[in-house]
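Q: One predicted model, sequence on top.
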Amino acid sequence: MVNYDALVLTYPNWVYSMFAFLGFLLCAIPLPWHLEAWNTGTCLFMIWTGLACLNQFINSVVWTGNVINSAPVWCDISARFITGSGVAIPAATLCINRRLYYIATANAVTITKAEKRRAVLVDLGIGLGIPLLEMVLQYIDQGHRFNIFEDLGCYPFTYNTWVAYVVVVPWPLAISCISSVYSILSIRAFNKRRAQFKELLSANSNLNSNRYFRLMCLAGTEILFTLPLSCWSISLNATASPIQPWKGWDDTHSSFSFVGQYPSVIWHLDKGTAISLETTRWFVVLCAIVFFAFFGFADEARKNYRAAFDSVGKRVGLSTGGSFTSSFWNSTG
């Protein structure tokens, strides 16, 4: 039996707001040079994670200490985005693992522009197409407009019927399982082709061995979090309340305009719900921190920090001392 009382932590809501905004910054700062390198899967991971952090930050600020339906249009957008981002982050990880696998198993060193363009389109189909499809499919089983939880903000509502376990709930788990297969196959292919590995990476001008292994670690870490979290979420949804029969579109959407409003003292009474809500919003912050841990201190990151530092120094009329800043940034990490 899970002791939910021991798992629910009490902390000031501004603590989460601070970490959520920090998560947004950790994804936004390195995004420009990753966009220049056309690392599609990595960029999708950063964009979805960063926007998810920003979304949760806004919600946590606006609805601190209240459940007033003060921004219904924002809540429509925010709740729909939460639905999509729950699938988008695993989907972006799948894009990363697919790319690593195809690099590790490539037969030709040279990659044509057409192949690169095709790879980008496939990544966009997975990393954008699947989350957008999930946002649409969730409407099938969306019992009412949205819920507002005090301190947390807007959240989507999915009616607990068998339809939800077909079109909404299983996507993160299914995507993570596929991603895990690619990850295992990548490691296997790498072990078989160690001698050719540097030559294969040379065909990818924006990818070296260090970045390859950092991407592998990032994707592997995300899978380690998402797989058990998805299994637990499915189990919680299936056992927290009885699964209702699907009675058709009209019955499901009969009270669609309703907005659930739950003060903190109420939603904390259901410990399973409390853990689920807190886990959902802290997960995106954790993804941002993990990403920055792997890529925020890499050589290319330090070079860009140094360039930004020098640029700001010149704009405000300060001498940055090229040799000093160079030695400083090179000494950090």
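A: Structure received.
Q: Show the backbone phi and psi for residue 143.
A: Dihedral angles of residue 143 (phi, psi; degrees, to the nearest 10) stand at phi -70, psi -40.
Q: Check the gap between it and residue 156 for me.
A: 10 Å (C-beta to C-beta, to the nearest Å). Every C-beta, even on glycine, is put in place using the N, C-alpha and C of the backbone.
Q: Check residue 259 too.
A: Residue 259 sits 12 Å away from residue 156, going by C-beta to C-beta.
Q: Which residues are in contact with residue 266?
A: Contacts here follow C-beta atoms under 8 Å, 6 or more residues apart in numbering; on that basis residue 266 touches nothing.
Q: so it, which of the three states?
A: Following DSSP: H, G, I helix; E, B strand; the rest coil, residue 266 is assigned to helix.
Q: Next: the one 3 residues further on.
A: Of the three states, residue 269 takes coil under three-state DSSP.
Q: Let the chain start at 4 from now.
A: Yes, from this point I'll number from 4; that puts the last item at residue 272.
Q: Just the pLDDT for it.
A: Predicted confidence (pLDDT) for residue 272: 90.
Q: That one: neighbouring residues, count only.
A: 10 (other C-beta atoms under 10 Å).
Q: where are the low-confidence patches of the chain?
A: Within the chain, the ranges that satisfy pLDDT under 70 run 4-12, 40, 110-114, 196-211, 300-336.
Q: 90 instead?
A: Segments of the chain classed as low confidence (criterion: pLDDT under 90) are 4-15, 32-43, 102-123, 186-247, 249, 273-279, 283, 294-336.
Q: re earlier: neighbour count: residue 146 and residue 159, which is higher?
A: Taking neighbours as other C-beta under 10 Å, residue 146 and residue 159 compare with residue 159 leading, 23 against 19.
Q: From residue 76, how far off is the more buried one?
A: 15 Å.
Q: swap in residue 83?
A: When C-beta to C-beta is applied, the distance between residue 83 and residue 76 equals 11 Å.
Q: ditto for residue 70
A: 17 Å.
Q: again with residue 267
A: According to C-beta to C-beta, residue 267 and residue 76 sit 24 Å apart.
Q: now swap in residue 271 and tell me
A: Taking C-beta to C-beta as the measure, residue 271 and residue 76 are separated by 28 Å.
Q: Please apply the same query to residue 63.
A: As for residue 63, its distance to residue 76 is 19 Å (criterion: C-beta to C-beta).
Q: about what we covered before: out of residue 70 and residue 76, which sits in the more crowded spot?
A: It is residue 70, of residue 70 and residue 76, that has more neighbours when counted by other C-beta under 10 Å, with 21 against 7.
Q: Give me the secondary structure label for that one.
A: Relying on three-state DSSP, one would call residue 70 coil.
Q: which residues sit in contact with the residue lying closest to it once chain neighbours are set aside?
A: For residue 70, ignoring the flanking residues on the chain, the nearest one in space by C-beta to C-beta, 6 or more residues apart in numbering is residue 264 at 4.1 Å. Each residue near residue 264 by C-beta under 8 Å, 6+ apart is listed here: 70-72, 150-151.
Q: Chain neighbours aside, what residue packs nearest to residue 155?
A: residue 280 (5.8 Å).
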